[in-house]
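> Starting from these lines, generate the structure:
(2 chains)
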There are 2 protein chains.
Amino acid sequence: MSVFTPVTDEALQQWLRNYAIGRPVELRGIAAGVQNSNFFVTTTLGRYVLTLFETMNRAELPFYLYLMAHLARHGLPVPAPIADLDNEYLGTLSDRPAVLVARLSGASVMDPGPQHCARVGAMLAGLHLAGRSFGRRQDNPRNAAWRAATTEQVRDYLPADERALLDAEIASESARDDSALPCGVIHADLFRDNVLWDGDCIGGVIDFYFAGVDSLLFDVAVTANDWCTEPDGRFDTQRCRALLDAYHAERPFTADECASWPAMLRSAALRFWLSRAADYHLPRDGEMVLVKPPQEYRDILRLRQGDVPPLVATTCP
Amino acid sequence: MSVFTPVTDEALQQWLRNYAIGRPVELRGIAAGVQNSNFFVTTTLGRYVLTLFETMNRAELPFYLYLMAHLARHGLPVPAPIADLDNEYLGTLSDRPAVLVARLSGASVMDPGPQHCARVGAMLAGLHLAGRSFGRRQDNPRNAAWRAATTEQVRDYLPADERALLDAEIASESARDDSALPCGVIHADLFRDNVLWDGDCIGGVIDFYFAGVDSLLFDVAVTANDWCTEPDGRFDTQRCRALLDAYHAERPFTADECASWPAMLRSAALRFWLSRAADYHLPRDGEMVLVKPPQEYRDILRLRQGDVPPLVATTCP
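Numbers count the residues shown, from 1 in each chain, chains lettered A, B, ... in the order given. Here you go, the predicted structure:
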């Protein structure tokens, strides 16, 4: 549930005077998202989404906004931020940092088939390729350092078997050297609910507010763990193959990536187990966060300790 | 009719390797436009339009491409150029300067009502407002200097009565001082076929290749002369009022603009009479230009010598 901060029609009308997109026609809260207040805004000239940032630091927002603008410039269907008459993306509305972005068309598909996974794989590669020429840097906010720190915060709340699982994974991560893996800007949260489908085509990739710089393979692992799994967390080999092959056709995986794949799938599972465990055991005051069950990603982590489909179907490079 | 220069599937496939938008799925020539070769390009990741510039100077293209990018950044539905992996908009394909732009949705409405004219008026004002922060300058290529020069080229081909009409208008233009009128980037060719409608909303404003810096009122006059006229060239007062009032609500007209309105309507008519007369009497070798009848705008020019609806419905500022 979202829309924490109200926006009045009068405030919106006043705010839009510094934009070139006409007069407000409709303002409607969006009941989705867990970090920001979001609204559909229709004006005489178009359809937009208004976001008020509830918890994020104003200083880190330009990275996300310029990233979305950069990817949109490269022809990818991401919510391009709208510049105001002063050429600025970020403004202030209802005492919050606020931005208008383009409203994309389509709806999420929660039971994807191989054809969806192929499109998502190609799109993820497109995001990574376009991200190469993006000049700003900001670390993946849920990187290995965050995972180690968060483990310290939550481990005492967990039963012994989960603690052992966590400790083993953290030990494995810290012993690993990922420095040879291709690095760049990653979406880092490309779950099913962050892709909008317009028929069989992707009409939008949304929610870039976990993006950052990290191994590109981490992004592939996050995406595969969500898009290619059965309800019990097991991989669907056919969907997995479709996603990985489509990605590989756009940006061929390296030999180092092939070798790191099984471990990276576990790191990607760990990241979501940890954030959900932290949301569950350490709720922050005043935040209305939709707590998702941590067990789902604990189970996926356990499953990824077994066999996983290879990153590249034929011989690895 | 367009598509003068062919593009092979192989050439397109090779060219797209330097973009982040996936693999080509379809390439289809567009039978519209008179200056460039245009193609619909569908890839695994989206739908685009490819333009090869047949006659335009490469040096003047960045003005148009950065203008479209600027207006798109401000939330207006114009064809945003797509950057390649080197972050460049302009490339070379089949030995021509070439660009990919976003494909917009919608179709032209050739029999607009007042509700269409109101949207167009508001959109034109939006384009003018957003254009204020655009840093590049290039003169309107069909400005008063061009009109005077072209008159010299075509007047000897015309019958005596048309020559007299032309001479009188050029004399009137050169005696006029437009320096007090608000100036900026204008579309300069916002005819019915350059606006795409998605239901009652404008899904796209296209063809910016006559854009330049000139009086904003000239753009309003070009637009009104096309959108608000009956087949015989007479103004439809209701559509005219809808267009002008909607524009005025976004960017209020000045007193100088109110005073210059009747004369500016004649200048805007003159510009199209002249270009069509030049296309007709002075066809350029090797150019497949669809010659539109010059008489239409000669007649509009004559009609605009009579009464015209005022720029502002109530008292002028």
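> Stretch A:302-309: which residues count as buried?
A:302-304, A:308-309 (16 or more other CB atoms under 10 Å in any protein chain shown). For the C-beta atoms, the positions are set from N, CA and C on the backbone; glycine is no exception.
> ok now that stretch, how far from the chain's centre?
Distance, stretch centre to chain centre, for stretch A:302-309: 23 Å (CA atoms, centre = their mean, to the nearest Å).
> With residue A:244 as the reference, measure out to residue A:117.
According to CB to CB, to the nearest Å, residue A:117 and residue A:244 sit 9 Å apart.
> Which neighbouring elements make contact with the lengthiest helix in chain A?
The residue-count maximum for a helix in chain A (DSSP state H) belongs to helix A:255-281. Contact analysis of helix A:255-281 by 3 or more CB pairs under 8 Å, 6 or more residues apart in numbering or on different chains; DSSP states H and E lists helix A:144-154, helix A:160-175, helix A:216-227, helix A:294-304 as its packing neighbours.
> just so I know, which of those lies nearest chain B?
If you check each of those against chain B by CB to the nearest CB, helix A:216-227 wins as the nearest, at 13.3 Å.
> and the next element down the chain from the closest one?
Per DSSP states H and E, the first helix or strand lying C-terminal to helix A:216-227 is helix A:237-250.
> quick one, that following helix and helix A:216-227 angle?
Calculated by axes from the mean of the first three to the mean of the last three CA atoms, to 10 degrees, helix A:237-250 forms an angle of 150 degrees with helix A:216-227.
> care to break chain A down by domain?
A:9-102, A:114-304 (automatic domain parsing).
> follow-up on the earlier one: most packed of the helices and strands packed on helix A:255-281?
Mean neighbour count (mean count of other CB atoms under 10 Å in any protein chain shown) peaks for helix A:216-227 among these, with a mean of 26.
> Residue A:236 and residue A:228 touch, don't they?
Yes. Between residue A:236 and residue A:228 a contact is recorded at 5.5 Å, counting by CB atoms under 8 Å.
> more crowded one of these two?
Neighbours were counted for residue A:236 and for residue A:228 using other CB atoms under 10 Å in any protein chain shown; residue A:228 has more, 24 against 18.
> tally of neighbours for the closest residue to residue A:154 other than its chain neighbours?
Nearest residue to residue A:154, sequence neighbours excluded (CB to CB, 6 or more residues apart in numbering or on different chains): residue A:277, at 4.7 Å. Per other CB under 10 Å, the neighbour tally for residue A:277 reads 25.
> With residue A:85 instead?
14.
> could you say which helix or strand contains the residue nearest to it when sequence neighbours are not counted?
In this structure, residue A:85 finds its nearest non-sequential neighbour in residue A:18, 5.0 Å apart by CB to CB, 6+ apart. Assigned by DSSP H and E, residue A:18 falls within no helix or strand.
> residues contacting residue A:18?
A:84-86, A:91 (CB atoms under 8 Å, 6 or more residues apart in numbering or on different chains).
> Same check on residue A:223?
Contacts of residue A:223 (CB under 8 Å, 6+ apart): A:120-121, A:124, A:190, A:243.
> Just to confirm, what confidence does the model report for it?
pLDDT recorded at residue A:223 is 98.
> Also residue A:259?
96.
> Residue B:292 versus that one, what's the distance?
Applying CB to CB to residue A:259 and residue B:292 gives a distance of 65 Å.
> if we can go back for a sec, residue B:270 is nearest to which of the helices and strands packed on helix A:255-281?
Residue B:270 lies closest to helix A:216-227 among the helices and strands packed on helix A:255-281, at 57.9 Å (CB to CB).
> Could you look up the SS state of the residue nearest to the spatial centre of chain A?
The residue lying closest to the centre of chain A (CA atoms, centre = their mean) is residue A:189, at 2.2 Å. Following DSSP: H, G, I helix; E, B strand; the rest coil, residue A:189 is assigned to coil.
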